[in-house]
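Visitor: Quick one, what's the 3D model for this:
(2 chains)
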Amino acid sequence: MSAVQAKPLRIVLAKVGLDGHDRGVKVVARALRDAGFEVIYTGLRQTPAMVVDAALQEDAQVIGLSLHSGAHMTLFPAVIEELKKREATDIVVFGGGIIPDDDIAELKKLGVAEIFTPGAPLEEIVGWLRKRFSETAAS
Amino acid sequence: MKRADGIETSTISGIPVDPVYTSEATRQLIEELPGEYPYTRGIHKSGYRGRLWTMRQFSGFATARETNARYHYLLKHGQTGLSVAFDMPTLMGQDSDAPTSRGEIGHCGVAIDSLADMETLLEGIPLDQVTTSMTINSPAAILLAMYLVVAEKQGVSWDKVGGTLQNDILKEYIAQKEYIFPPQPSMRLVIDSIEFCAREVPRWNTVSISGYHIREAGSTAAQELAFTLADGFAYVDACLERGMQIDDFAPRLSFFFDAHIDFFEEIAKFRAARRIWARHMRERYGAQNPRSWQLRFHTQTAGVSLTAQQPELNIARTAVEALAAVLGGTQSLHTNAMDEVLALPTDKSARIALRTQQMLAYETGVANTMDPLGGSYFMEALTNRMEEEAEAYFQRIEEFGGVIPAIEAGFFQKEIADASFRYQTELEQKRRVIVGVNEFVTDDEEPIEILRISPQAEQEQVERVREVRRKRDQARCTRALESLRKAAQSPDDNLMPHIVEAVRAYATEGEIMGTMVDVFGLYTERAII
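Guide: Below you'll find the predicted structure:
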């Protein structure tokens, strides 16, 4: 917890893929900002390479991906691949959107840390990030 | 104000609601009948007795072949009109073999790259008997051209073709964000299609001015109402500026609203919409034809109200929302399937959704009386309140200099983001309850079966568009695209005939869009949180 307070987590939130549904990502952005994190929102239609570029430039520890078009099984793993290529796998990736349970299990195997589906309370997302990073700091 | 258990008593949009309403609320009420100006109570004298609403389930997935089979299935089960959902690459005007189409093909609708796909999509569907709604915006003119060329090939003349094109570009900048060109050339293309249809396809509803996406993006009911009607007025202004006569195009403008979960508020919204449109069309624009005054609308139940938790509950939510649409006098209706919060619907969930409408139409008796809530103290008060809020927003939009300057200033985007965050906060604080989400949660949920799009569909579609390019008369295609480019460069030329010719020559959607992008450029928005 103290690590978070000393230096706020920097989070890049991105809409990957072609869809423009940005209600969810904007609500999450405000909630994370209000929770004390530093949030950089990239805007719409980011390619995996653009997202990773943004995360590296911004020195972010976390990438949050939002997608509602059903292309998550292609684009989320592509972001993970891009991170491997750029040797930046220490950046934690989480995601949200219209994503069925089976796909969530598969995405976690591929290296996505967590997926939040419609209806997930903001508190849960904030809590998950705090927990994840306090554990890292402690270990 | 809160209830004893801490739950908000205002509507879901935040409009304060009294515990009881009295005749005080209707003292100013002027007796009005359905079918009479300003149509608060509905546009038809006989309500649904003359004609039920059209049950129009929005569907499309994977390839044109698979979607065509779903259409035949839905028509066989009593659906009365088609409604095409396109995939993201099609919506964004790019071909299936474009690099950024990877992973997106056929996932949230059907992939259409060229006339060849449209021919497959509509195979065995007589276009003089079935009307079709196409939910597409930036590339709307191209998809309309494809539809018309298929009709031509079926031997159906364009004056017999009926349907609706969403073609509402303004709400893309405001909410759904599927824009491609900057606003001005986008508007030109919309007005070109209105002008073309007024001449050549008189039964076509040229623009379905949409509040649905504005609402789904998180707006309140009053914002949905106000921003949508403001967009409608902007199209009217642009057509008048083009030199068209109001009664030549206004009867073919239609609307598309959301039916959210706050029952009475939604009905009030529909009633207010009709009244506001009628008054502005008649009094402000001087339209003479009553059809220009009559606001006709399609409704879809609120996708955003569905929950991934205990998804079967979505059937009940959708039924309540659909009832609001019917009591509000909708002309056509899409009921969401319970699994749309997880994926595209299965055959079974799509059937349940359609059956829900049929229950309302045939079992409940609600279709027998028009505007049954008319005269209710509460309903009339809420309808008036909706109208007042909308008029206040028209003022504010006017202060920006109109819809496009307000878009460029980020006004709508900010209003919507604020409203959606406010609502989310209320949920977090449990001042509002969503059953199964923040209250009444079940831990041991059984997963439901969902539709999977096979990865083969993507590969097939990529090969198909390449084959179209190989087999077509390339010289004819190049000529058609060149003539489109020239037309795009001269602002007085109507682009529609050029697009139709390019479609006939099997130019792909991406090629036609690309030609126009070369001339018009791309739009990017300033991201507003």
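
Visitor: Now do the longest helix belonging to chain A: everything it contacts.
Guide: Assignment by DSSP state H gives helix A:122-138 as the longest helix of chain A. For helix A:122-138, the surrounding residues in contact (CB atoms under 8 Å, 6 or more residues apart in numbering or on different chains) are A:1-4, A:9, A:11, A:27-28, A:31-32, A:35, A:37, A:61-62, A:92, A:94, A:96, A:113-114, A:116, B:424, B:428. (C-beta placed from N, C-alpha, C; glycine too.)

Visitor: Dump the helix or strand where B:Glu467 lies to PDB, keeping only the CA atoms.
Guide: Assigned by DSSP states H and E, B:Glu467 belongs to helix B:455-471. The C-alpha trace of helix B:455-471 is given here as PDB (Å, rounded to 0.1, in the frame of the first residue of the first chain):
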ATOM      1  CA  PRO B 455     -12.300 -18.800 -37.100                       C
ATOM      2  CA  GLN B 456     -12.800 -20.300 -40.600                       C
ATOM      3  CA  ALA B 457     -15.400 -17.500 -41.300                       C
ATOM      4  CA  GLU B 458     -12.600 -15.000 -41.200                       C
ATOM      5  CA  GLN B 459     -10.400 -16.900 -43.600                       C
ATOM      6  CA  GLU B 460     -13.300 -17.600 -46.000                       C
ATOM      7  CA  GLN B 461     -14.200 -14.000 -46.100                       C
ATOM      8  CA  VAL B 462     -10.700 -12.800 -46.800                       C
ATOM      9  CA  GLU B 463     -10.400 -15.300 -49.700                       C
ATOM     10  CA  ARG B 464     -13.800 -14.200 -51.000                       C
ATOM     11  CA  VAL B 465     -13.000 -10.500 -51.300                       C
ATOM     12  CA  ARG B 466      -9.700 -11.400 -53.000                       C
ATOM     13  CA  GLU B 467     -11.600 -13.600 -55.400                       C
ATOM     14  CA  VAL B 468     -14.000 -10.700 -56.200                       C
ATOM     15  CA  ARG B 469     -11.100  -8.500 -57.000                       C
ATOM     16  CA  ARG B 470      -9.500 -11.100 -59.300                       C
ATOM     17  CA  LYS B 471     -12.700 -11.900 -61.200                       C
END
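
Visitor: Give me the pLDDT value at residue 36.
Guide: This is for chain A. pLDDT, A:Gly36: 95.

Visitor: wait, chain B
Guide: 97.

Visitor: For chain A, what lies in contact range of chain B?
Guide: Contacts of chain A with chain B, taken as CB under 8 Å from any CB of the partner chain, map to A:17-23, A:26-27, A:29-31, A:33, A:39, A:41-45, A:47, A:68-71, A:73-75, A:78, A:98-102, A:117-119, A:121-123.

Visitor: Any of those residues buried? List them.
Guide: Buried residues within those, counting neighbours by 16 or more other CB atoms under 10 Å in any protein chain shown: A:17-23, A:26-27, A:29-31, A:33, A:39, A:41-45, A:47, A:68-71, A:73-75, A:78, A:98-100, A:117-119, A:121-122.

Visitor: hey, which strand is longest across chain B?
Guide: Longest strand in chain B, counting residues (DSSP state E): strand B:253-259.

Visitor: gap between that strand and the chain center?
Guide: Distance of strand B:253-259 from its chain centroid, counting by CA atoms, centre = their mean, to the nearest Å, is 6 Å.

Visitor: Would you list the strands that that strand pairs with, along with their directions?
Guide: Using DSSP bridges, the strands paired with strand B:253-259 are strand B:207-210 (parallel), strand B:297-301 (parallel).

Visitor: Let me see the mean pLDDT of stretch B:9-17.
Guide: 95.

Visitor: Show me where the stretch 351-500 of chain B has its helices.
Guide: With helices called from DSSP state H, counting those that start in this stretch, the stretch 351-500 of chain B shows them at B:377-400, B:403-408, B:411-428, B:455-471, B:474-489, B:496-504.

Visitor: Oops, could you answer that again for chain A instead?
Guide: Under DSSP H, chain A gives helices at A:2-6, A:23-34, A:48-57, A:72-85, A:101-109, A:122-138.

Visitor: Does anything pack onto the second one? Which helices or strands?
Guide: Going back to what we said before, that points to helix A:23-34. For helix A:23-34, the packing partners by 3 or more CB pairs under 8 Å, 6 or more residues apart in numbering or on different chains; DSSP states H and E come out as strand A:10-15, strand A:38-41, strand A:62-67, strand A:92-97, helix A:122-138, helix B:411-428.

Visitor: what's the angle between it and strand A:92-97?
Guide: 140 degrees (axes from the mean of the first three to the mean of the last three CA atoms, to 10 degrees).

Visitor: Please name the residues that touch B:Lys2.
Guide: Per CB under 8 Å, 6+ apart, neighbours of B:Lys2: B:Glu8, B:Thr9, B:Arg431.

Visitor: try 7 Å
Guide: B:Glu8, B:Thr9 (CB atoms under 7 Å, 6 or more residues apart in numbering or on different chains).

Visitor: how about the residues of the stretch 301-450 of chain B that lie near chain A?
Guide: B:307-309, B:341-343, B:417, B:420-421, B:424, B:428, B:434, B:437-438, B:447, B:450 (CB under 7 Å from any CB of the partner chain).

Visitor: Buried only: go through these for me.
Guide: Buried, going by 16+ other CB under 10 Å: B:307-309, B:341-343, B:417, B:420-421, B:424, B:428, B:434, B:437-438, B:450, out of those.

Visitor: Residue 102 - nearest residue in space that isn't next to it in sequence?
Guide: By default, I'm working from chain A. For A:Asp102, ignoring the flanking residues on the chain, the nearest one in space by CB to CB, 6 or more residues apart in numbering or on different chains is B:Pro447 at 8.0 Å.

Visitor: The chain in question should be chain B.
Guide: Closest to B:Arg102 by CB to CB, 6+ apart is A:Thr74, at 5.7 Å.

Visitor: Ok, B:Phe263 next?
Guide: B:Ala324 (5.2 Å).

Visitor: Now B:Gln79: phi and psi?
Guide: Note on B:Gln79: its backbone torsions stand at phi -70, psi 150 [degrees, to the nearest 10].

Visitor: can you check the one 10 residues further on too?
Guide: Backbone geometry at B:Pro89, expressed as degrees, to the nearest 10, gives phi -60, psi -40.
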